[in-house]
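A.B. asks: need a structure here:
(2 chains)
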Amino acid sequence: MIRAIAAIALCLLLAGSLRPVAAPGPVAFTEDEIETILSHGPWPMEWSHDPTNRVSGKPEAVAFGRQLFFNTRLSANGQVSCATCHRPGHSWTDGRTLGVALGEVDRNTPTLANVRLNRWFGWDGATDSLWAHSMRPLLDAREHGLTERQVANVIRDNADLACGYRRAFGAEPPADDELALVNVAKALAAFQETIASGRTPFDDFRDAMAAGDAAAMAAYPVAAQRGLKIFAGQGRCSLCHFGPNFSHGEFHEIGIPVFRKSGGIDWGRYQGVKLLRASRFNRLGGFNDDTDPDSGMSTRHVELGAQTYEQFKVPSLRNVAVTAPYMHSGHFATLPQVVKHYSEIDPANLHVAHIYLGDEYSLNEAPPTDDMLRPLKLSATQIADVVAFLETLTEKAPSPPPSAAGPGPCVMQAR
Amino acid sequence: MPRLVVAAAIVALSCAGAQAQNCGTKLEGARTLEAPKHTLVFRTEPAKITVGRHFAVDVVVCAKAGGAAADRVKIDAHMPEHRHGMNYKASIKALGDGRFRADGLMFHMPGRWEFLFDIESKGGSERLTSSMALR
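C.D. replies: Got it, this is the predicted structure:
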C-alpha cells in the first residue's frame, strides 16, 4: 500500500516537473494560449518517407531528382528548370506576384520548404502526392511546356540523365512514355522531400516554454511575444495555421479576389477536387506504390461541395517573412497588409456562411457571420506585434540547398 | 380487461426499454443518444480523434416501443460556430441488426465539432447530435 502511494506520488511529481511553466515575463499567456503555442512544435518534424513513392528517401533517387530539378533540358525552349520559379536562394520561391516560366501563370509560386508535409499539393490541392504534383508544371504550356513523350525522350537521350535514372530505378528508362514521366516525377519528389526549413527563434521560445526555462524565454522579443499572444489567443490564427508546420493542410475562403489576371474566375479548391478526381495519377490509380488500402482514404472521401468555391490552401507560415508576396494570387505585397486584411475582414462578404445556412437563410435577415473569421480591429501597434511574431518564424540560418553529393559520376555501361 | 391492456402495455414498454438499454452493449466506450423512437449508440475508431487524421464511426441503432427499425443512418459533422462542415464525406455501410459503420471522416481543425446522425426508418426520420471539443 505504501509502495503504491509512493509510486503515485512519484508519478505526480514527474508529471508536475514535465508540465510547462508559464514563467513570469512581460507577456502573460493563458493556459489555453500556452497549450496552443506548444502545439506548434517541436521542430523539425520527424522524417517519414512517402509510401506512395517507392524511391522516396532513396539517395540515388534524391540525386537524380536534383539533377532533374536544375536541368533546363526539361523545357520546351531549353531555358526553364524547376529552379526558375523555385529558387534555392530565394526561399524556394521567386518573389513575383504570379509565377513566370515560358509564360505567366495564374497563381503565386509557393515555397518548396517542408513541402513533403502536405496532404494536398498546389493552391487548389488538385494532386494528392508530391510526385503527381511534380508532373503538372512539366506539362503546362506556360511552365515547362513539354509533352509526356518529350519528357521521356529527354531522359532516354541524355547519357547523364539516363544514368541517373538507372541508379534511381535500377532499370533503363522505359519505352513507355507515361511510366517514364511518372518516374521522373517520383525522382523530383524524392529531391523536394529533402527541402526543409531550419529552426527559428519561435522554436527556441516554444521549447523554452515547454521546459519552463524563463531565462531562455526572455531572449524572445517582447513585441513577438505580444504578437504570438494575439495569434494563439484572440486572433485564433492557430485554428487554420495549425501544428508545427503552421497549416492544417486544408482550404479556406478568406475574401481574396478570385478574378484571374488572364481572365475568368479562379475556382480554387472546387476546380482542384474535380481535377483530382479526374486524374489517373491520383492515389486511387495504378501508379500509387502504397499497398495500404487506406492510402487513398482522403482522395476517396474528399467532398466536392459548394463550400469549396474559391477556397485556397492554408499555407505554412514557416519562413513567411521571406516568401512575399502573399495569397494564391500574390494579392498582398507585405505582411502588414496581410494582417490588416484579417483585422478588417467582413465575414458577411464570405459566401461560405450563406452556403452553410442554405434554405434556413432568408435575405430579409441580417447576414450570417462566420465566427472564426471575425474582424479583430487590431491597432497599428498590434498589427506590428503580429508581424514581429511572424518574422520570428524565419529560420535562423537559411538552410543550404540539399547537397549535390550523390553516388558519384555515372560510368557509362557497356551496351 | 382495462387492467390487462395496461399490463400488456407495461410489459411492452419494459421489453422496449430493455432492448434500448442493451443497445450497443458490445460497443465498448460508446456514447448513447436518445431520440423519441430510437436509441443510438456510437463510438469512434480510434477512440481519440486527432486533428487532420481520418477516423471511423461505429453505430448501433435500436428501435424503441412504437419505433421502426432503422433502414438507414446518415452520419455527418460540422463546426456550428464556424459555419462549416467536414471537407470529407463519410461512406456508410449497413452491417445488419441496426449496426452501421462510417469511414472517411476527418476533423481538420481544433474546436467544437458536432456529430449529426439522421436515422431513417419507416416511421420517418430523426436527428440526433453529439458535441465534442477537439484540441
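A.B. asks: got a list of what the closest residue to chain B within the stretch 51-200 of chain A touches?
C.D. replies: Taking C-beta to the nearest C-beta, chain B has its nearest neighbour within the stretch 51-200 of chain A at residue A:119, 7.4 Å off. (Glycine included, C-beta is placed from N, CA and C.) When contacts are counted by C-beta atoms under 8 Å, 6 or more residues apart in numbering or on different chains, residue A:119 is found next to A:125, A:128, A:249-250, A:298, B:52.
A.B. asks: which phi and psi does it have?
C.D. replies: Dihedral angles of residue A:119 (phi, psi; degrees, to the nearest 10) stand at phi -90, psi -40.
A.B. asks: the closest residue to residue A:80 other than its chain neighbours - how many residues pack around it?
C.D. replies: Excluding its sequence neighbours, the residue lying closest to residue A:80 (C-beta to C-beta, 6 or more residues apart in numbering or on different chains) is residue A:101, at 4.7 Å. Residues contacting residue A:101 under the criterion other C-beta atoms under 10 Å in any protein chain shown number 24.
A.B. asks: repeat that for residue B:118.
C.D. replies: 14.
A.B. asks: doesn't it lie inside a helix?
C.D. replies: No: counting by DSSP: H, G, I helix; E, B strand; the rest coil, residue B:118 is not part of a helix but strand.
A.B. asks: next one: phi and psi at the closest residue to it other than its chain neighbours?
C.D. replies: Excluding its sequence neighbours, the residue lying closest to residue B:118 (C-beta to C-beta, 6+ apart) is residue B:74, at 4.1 Å. The phi and psi values for residue B:74, taken as degrees, to the nearest 10, are phi -100, psi 140.
A.B. asks: contact partners for residue B:74?
C.D. replies: By C-beta under 8 Å, 6+ apart, the neighbours of residue B:74 are B:92, B:116-118, B:120.
A.B. asks: list buried residues within the residues you listed.
C.D. replies: Listed as buried from the contacts of residue B:74 are B:92, B:117; burial here means 16 or more other C-beta atoms under 10 Å in any protein chain shown.
A.B. asks: which of the contacts of residue B:74 sits closest to chain A?
C.D. replies: Taking C-beta to the nearest C-beta as the measure, chain A lies nearest residue B:92 of these, at 11.3 Å.
A.B. asks: how about residue 121, nearest residue that isn't a chain neighbour?
C.D. replies: In the absence of a named chain, chain A is used. In space, and not counting its chain neighbours, residue A:121 is closest to residue A:133: 3.6 Å by C-beta to C-beta, 6+ apart.
A.B. asks: should've been chain B
C.D. replies: Using C-beta to C-beta, 6+ apart, the nearest residue to residue B:121 is residue B:68, at 4.2 Å.
A.B. asks: what is the burial count for the one you found?
C.D. replies: With other C-beta under 10 Å as criterion, residue B:68 counts 14.
A.B. asks: show the contacting residues for the residue in chain A positioned nearest to chain B.
C.D. replies: Minimum separation of chain A from chain B (C-beta to the nearest C-beta) falls at residue A:301, amounting to 3.2 Å. By C-beta under 8 Å, 6+ apart, the contact list for residue A:301 reads B:54, B:88-91, B:103-106.
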